[in-house]
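S.K.: predicted model follows, preceded by the sequence.
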Amino acid sequence: MKEMSRRKGMIKMNNARTNRKKFREGIVISDKMDKSVVVRVERKFAHPLYKKIIKKYKKFMAHDESNSAREGDLVMIMETRPLSKKKCWTLSKIVRRAKGEQGESPNVI
């Protein structure tokens, strides 16, 4: 059973802290920085009154240690400690590569 102690009017729980990291799946929209990517995450929800499904997008800056993610890739990012002013996420895995990535030769004129 959890122990509870009252301190300065607040209830404090003396149990192990759970580290539940958040995961998001999104598309890389920029890979121009060194060891960093910008990921656009889509969120769908129903409007509270009209019940229409609405799409909202949010951009997250994520750390990519190996510079392996490219623009258009579908990636999984994981929440982490703050790495810089804007980076609090790290690249977990690349779910799917962008179309046309493999076997594409540069245009030679």
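M.R.: Arrived safely.

S.K.: which parts of the chain are strands?
M.R.: Taking DSSP state E, the strands of the chain run over residues 4-7, 10-13, 23-30, 36-46, 53-63, 74-79, 87-96.

S.K.: list the buried ones in the third one?
M.R.: Right, strand 23-30. 24, 26, 27, 28 (16 or more other CB atoms under 10 Å). Where C-beta positions appear, they are placed from N, C-alpha and C, glycine not excepted.

S.K.: hmm, residue 70 and the third one touching each other?
M.R.: No - in this structure, residue 27 is not within contact of residue 70 by CB atoms under 8 Å, at 10.9 Å.

S.K.: check contacts around residue 42.
M.R.: 26, 55, 56, 57 (CB atoms under 8 Å, 6 or more residues apart in numbering).

S.K.: relative to residue 65, which of those residues is nearest.
M.R.: The nearest member of the contacts of residue 42 to residue 65, counting by CB to CB, is residue 26 at 18.1 Å.

S.K.: how near is the closest one to residue 84?
M.R.: Separation of residue 26 from residue 84 (CB to CB, to the nearest Å): 19 Å.

S.K.: again with residue 47
M.R.: Counting by CB to CB - residue 47 and residue 84 are separated by 35 Å.

S.K.: try residue 57
M.R.: 22 Å.

S.K.: please apply the same query to residue 27.
M.R.: 22 Å.

S.K.: for residue 44, same thing?
M.R.: Counting by CB to CB, the gap from residue 44 to residue 84 is 30 Å.
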